[in-house]
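S.K.: Just to be clear, the model below is a prediction. Sequence and coordinates:
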Amino acid sequence: MACSLVGSSKSMIELREYIPKVARSDVNVLITGETGTGKERVAESIHKESKRRDEPFICVNCAAIPDSLIESELFGFERGAFTGAQESYVGKLRLAGTGTVFLDEIGDMSLAAQAKVLRAIESREVFPLGGRRVAKIEARFIAAVNQEIEPLLAENRFRRDLYYRLNVARILLLPLKDRKEDIPELVNYYLEEFNRRFQGAVQPPTDEWLRCLMSYQWPGNIRELRNMVEAIFIDPPAGSISLKDLPGAFQQLFANYVSSVVPERERMVSVLYQTNWNKSQAAAQLNWSRMTLYRKLEKYQIHDPAGPTHDH
């Protein structure tokens, strides 16, 4: 299982159920989510579950390609098409064959570049630089943006026609701070990965340290969490992980959270009283979904002293 699909939160369960359906449908897919949430891993999962699984999966970092190189990089070129073109190149769209092309960070492309990509997707053909005839493309397209797509459309920074072409199946990846219940599973997943790689025997974190991880907001999402776990293996501890086992940079990062960590039950009760037992407001303040809050209320046997009247 890919790390981006690890977790028992509602959003992860729904994602794991949805991916096989999308994979079978063979439609274009648009994935949205913050940097570090695992968009490429989800795209790979779709590819591996599809009938194209034995064909190439080609990832294109759209943000890294200058406008002047878009056509040559994606559509290819013939030998001698421009200075330095010593050999012909088929381009990434044809390199995928009947596999999958993943257009990562497509929202960072210029409108002019988006127009060229749109034409290729619509016509299913490209015209290589210096070529004399069009070449067919047969790959499936999955694209991703690392921000909300609707504001880009409203500000005319993303072509609506390209959006409608890509947005057949839509997948939203929540930031890690909105699915913190997945953190323990992700930590264990990475511990197992790095223990195998480095032949280590690092044990899961202490309860206190795990509460610290749950209190942190993870602006770098899964990628940041993975980096933290990998850093532990620079000088791995003999027993369970605690703050002192992290390199200095990570210790400083979490220092402010260690002093403010409060046991989960106490923190829940405190927030519920602060919000006058308004469960919607409490869930938002705790960065949980309402379903998560209700599960934890049941887990800790916490009951509203005024009765079940504060559900809004």
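M.R.: Good, I have the coordinates.

S.K.: now the strands: where do they sit in the stretch 101-250 of the chain?
M.R.: Assigned by DSSP state E, counting those that start in this stretch, the strands in the stretch 101-250 of the chain fall at 125-126, 135-136, 140-145, 169-173, 203-205, 240-241.

S.K.: Please verify my assumption that G36 contacts E224.
M.R.: Yes - counting by C-beta atoms under 8 Å, G36 touches E224, with 6.1 Å between them. For the C-beta atoms, the positions are set from N, CA and C on the backbone; glycine is no exception.

S.K.: Nearest to V229, out of the strands of the stretch 101-250 of the chain?
M.R.: Each of the strands of the stretch 101-250 of the chain has some distance to V229 by C-beta to C-beta; the shortest is strand 240-241, at 8.6 Å.

S.K.: tell me the mean pLDDT for the closest one?
M.R.: Strand 240-241 carries an average pLDDT of 84.

S.K.: on contacts alone, who are the packing partners of it?
M.R.: Counting contacts by 3 or more C-beta pairs under 8 Å, 6 or more residues apart in numbering; DSSP states H and E, strand 240-241 is packed against strand 203-205.

S.K.: Pull up the pairing partners for the strand it packs on, direction included.
M.R.: According to DSSP bridges, strand 203-205 forms sheet pairs with strand 240-241 (parallel).

S.K.: Which residues outside the partner strand are in contact with it?
M.R.: The contact list for strand 240-241, computed with C-beta atoms under 8 Å, 6 or more residues apart in numbering, reads 202-206, 209, 232.

S.K.: again with stretch 61-76
M.R.: If you take C-beta under 8 Å, 6+ apart as the criterion, stretch 61-76 is touched by 60, 77, 81-82, 88-94, 103-106, 108-110, 112-113, 116-117, 120, 126-129, 131, 135.

S.K.: From these, list just the buried residues.
M.R.: Neighbour counting over the contacts of stretch 61-76 (16 or more other C-beta atoms under 10 Å) leaves 60, 77, 81, 89-94, 103-106, 108-109, 113, 116-117, 120, 126-129 as the buried ones.

S.K.: Mutual contacts of G36 and E224, please.
M.R.: Going by C-beta under 8 Å, 6+ apart, residues that sit against G36 and also against E224 are L176.

S.K.: Which one's more surrounded, those two?
M.R.: Using other C-beta atoms under 10 Å as the criterion, G36 and E224 rank with G36 on top: 21 against 16.

S.K.: roughly how far apart are the more buried one and L213?
M.R.: G36 sits 16 Å away from L213, going by C-beta to C-beta, to the nearest Å.

S.K.: Repeat that for A231.
M.R.: For A231 relative to L213 (C-beta to C-beta), the value is 13 Å.

S.K.: Between those two, which is the more surrounded one?
M.R.: Between A231 and L213, counting by other C-beta under 10 Å, L213 is the more crowded of the two (20 against 15).

S.K.: Tell me, please, where in this structure the pLDDT is lower than the cut-off.
M.R.: Residues of the chain that meet the criterion pLDDT under 70 lie in 1-4, 80-81, 85, 255-263, 306-312.

S.K.: Can you give the domain ranges for it?
M.R.: The chain breaks down by automatic domain parsing into domains covering 3-174, 177-260, 264-299.

S.K.: if we can go back for a sec, what would the strands of the stretch 101-250 of the chain look like in CSV with distance to L30?
M.R.: As requested, the strands of the stretch 101-250 of the chain are exported to CSV (distance: least, C-beta to C-beta, whole Å):
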stretch, distance to L30
strand 125-126, 21
strand 135-136, 24
strand 140-145, 5
strand 169-173, 5
strand 203-205, 36
strand 240-241, 37
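
S.K.: wait, doesn't R211 sit right on E264?
M.R.: Yes - at 6.8 Å, R211 counts as touching E264 under the criterion of C-beta under 8 Å.
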